[in-house]
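In: coords please:
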Amino acid sequence: MNDLTGFNPNAVANPNNNIFGLPFTEEESKVIILPVPWEVTVSYGAGTARAAEHVFKSSMQVDLLDMDGNAGWKQGFFMKEIDKKLLLKSDYLRKEAELYIDYISQGAELLKNKFMCKSVKEINEGSNYLNNWVYEQSKAILDKQKIVGLLGGDHSTPLGLMKALAEKHGSFGVLQIDAHCDLRIKYEDFTYSHASIMYNALNEIPELTKLVQVGVRDYCEQEWEYICNSNFRVITYFDKNIKERLFEGHLWKNITEEIIQHLPQKVYISFDIDGLDRKLCPNTGTPVPGGFESEEMIYLFKKIKESGRELIGFDLVEIGVGETDWDSNVGARILWRLCNLMV
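Out: Sure, this is the predicted structure:
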């Protein structure tokens with residue numbers, strides 16, 4: 001346990017410390033938060049590339065007592081610096097992507113415009129760069145026997161982390177909290193679209209043996225067919241079906257037990273914040289009516305731990321940036337709970 005002599009967890013957070021006002025260095029910390037300022041392929045609202053800096057600021061308002069976390073924070077949480085070069089690259093490619101999305105939304109053909117063809121090529125190359133960057137960053141942290149929590153950014157960002165986890169842990173499963181399936185193939189001609197993260201993970205990571213999706217309420221026919229033909233590698237709990245069961249008297253406790261039974265021993269949590277009710281994330285990129293309360297998800301995560309399964313890492317993505325800091329306030333508190341549960 002780290003030496004906390006002189007640190008008062010009841011005092012106002014010191015902004016000169018790291019995230020949540022904690023006094024730990026990266027070397028002293030068990031959980032390392034990797035901010036990934038990237039939103040190149042978002043297809044609706046933007047802003048999540050700058051979520052990490054807003055969450056960091058909001059984290060100073062989080063009280064440090066977590067009754068579920070067994071004072072896990074005393075093992076150290078630390079957020080790495082935001083990579084400004086990566087953010088600038090995201091901003092540049094995002095402008096190109098916006099022009100391209102506007103172009104195809106008018107029914108125009110890609111092959112008839114050389115400039116647009118060049119843009120798509122550059123965007124896909126940029127996404128490859130991002131995936132490699134996240135992989136290298138994650139691997140370096142994991143090699144130090146630490147836990148990685150990725151803070152997005154859009155939902156395309158964690159592929160490199162999942163690849164690094166596969167190398168370290170072998171077989172594992174993903175619990176995905178999301179309003180969307182993210183099983184589209186090369187969406188809008190972007191190979192590593194935020195709408196394709198789970199398709200790409202399943203396609204490129206053989207160690208990913210099971211994907212359990214919870215809260216999905218917006219999906220296309222292609223994604224439905226993928227789920228049906230996955231030989232139960234993908235199990236999807238649609239929001240509509242969950243709500244109908246709750247309306248008919250089923251307990252959330254029993255539904256969570258059923259969800260957990262599908263998960264293998266090692267579990268990675270991929271948390272797209274649009275899986276929550278929109279009142280908790282009004283500025284998320286692709287909001288959809290429906291969703292969960294935050295405590296319903298924390299209850300699910302707690303029950304995974306209680307089942308004896310091992311949480312090996314997480315991502316928290318698609319936090320929006322609005323006129324107020326409400327989104328980042330909610331995001332900071334979910335991040336806090338996730339970090340505590342990890343240790």
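In: In space, what's closest to residue 301 - neighbours in sequence excluded?
Out: Of all residues not flanking residue 301 in the chain, residue 341 sits nearest, at 5.4 Å (CB to CB, 6 or more residues apart in numbering). From N, CA and C alone the C-beta is placed, and that goes for glycine too.
In: Surely the one you found touches residue 303?
Out: No. In this structure residue 341 lies outside contact range of residue 303 using CB atoms under 8 Å: 10.7 Å.
In: With neighbour numbers in mind, choose between these two.
Out: Between residue 341 and residue 303, residue 341 has the larger neighbour count (other CB atoms under 10 Å), namely 20 against 16.
In: Helix or strand: which one has that one?
Out: Counting by DSSP states H and E, the element that carries residue 341 is helix 326-342.
In: by contact count, what packs against that helix?
Out: Packing contacts for helix 326-342, counted by 3 or more CB pairs under 8 Å, 6 or more residues apart in numbering; DSSP states H and E, involve strand 31-36, helix 51-59, strand 147-152, strand 266-272, helix 294-306, strand 310-317.
In: Could I get the contacting residues of the closest residue to residue 220 other than its chain neighbours?
Out: Leaving aside its chain neighbours, residue 220 sits nearest to residue 184 (6.8 Å; criterion: CB to CB, 6+ apart). Contacts for residue 184 were tallied using CB atoms under 8 Å, 6 or more residues apart in numbering; they are 193, 195, 196, 199, 220, 222, 223.
In: Likewise for residue 319?
Out: Counting by CB under 8 Å, 6+ apart, residue 319 has contacts 48, 51, 54, 55, 152, 273, 281, 284, 327, 328, 330, 331.
In: Going through those residues, which ones are buried?
Out: 48, 51, 54, 55, 152, 273, 281, 284, 327, 328, 330, 331 (16 or more other CB atoms under 10 Å).
In: Would you mind putting those into JSON lines with distance to residue 233 alongside?
Out: Output for these, formatted as JSON lines (distance: CB to CB, whole Å):
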{"residue": "48", "distance to residue 233": "28"}
{"residue": "51", "distance to residue 233": "30"}
{"residue": "54", "distance to residue 233": "36"}
{"residue": "55", "distance to residue 233": "32"}
{"residue": "152", "distance to residue 233": "24"}
{"residue": "273", "distance to residue 233": "25"}
{"residue": "281", "distance to residue 233": "28"}
{"residue": "284", "distance to residue 233": "27"}
{"residue": "327", "distance to residue 233": "33"}
{"residue": "328", "distance to residue 233": "34"}
{"residue": "330", "distance to residue 233": "32"}
{"residue": "331", "distance to residue 233": "30"}
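In: now, the most widely separated pair of those residues?
Out: Across the buried ones among the contacts of residue 319, no pair lies farther apart than 152 and 330, at 14.6 Å, counting by CB to CB.
In: which stretches of this protein form helices?
Out: In the chain, the helices defined using DSSP state H lie at 51-59, 84-105, 114-142, 159-169, 197-204, 221-228, 239-247, 252-261, 294-306, 326-342.
In: can you put the ones you listed in JSON lines and add mean pLDDT and distance to residue 65?
Out: As requested, those are exported to JSON lines (pLDDT from 0 to 100; distance: least, CB to CB, whole Å):
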{"stretch": "helix 51-59", "mean pLDDT": "97", "distance to residue 65": "15"}
{"stretch": "helix 84-105", "mean pLDDT": "94", "distance to residue 65": "33"}
{"stretch": "helix 114-142", "mean pLDDT": "96", "distance to residue 65": "27"}
{"stretch": "helix 159-169", "mean pLDDT": "98", "distance to residue 65": "29"}
{"stretch": "helix 197-204", "mean pLDDT": "98", "distance to residue 65": "34"}
{"stretch": "helix 221-228", "mean pLDDT": "98", "distance to residue 65": "40"}
{"stretch": "helix 239-247", "mean pLDDT": "98", "distance to residue 65": "30"}
{"stretch": "helix 252-261", "mean pLDDT": "98", "distance to residue 65": "24"}
{"stretch": "helix 294-306", "mean pLDDT": "97", "distance to residue 65": "15"}
{"stretch": "helix 326-342", "mean pLDDT": "97", "distance to residue 65": "10"}
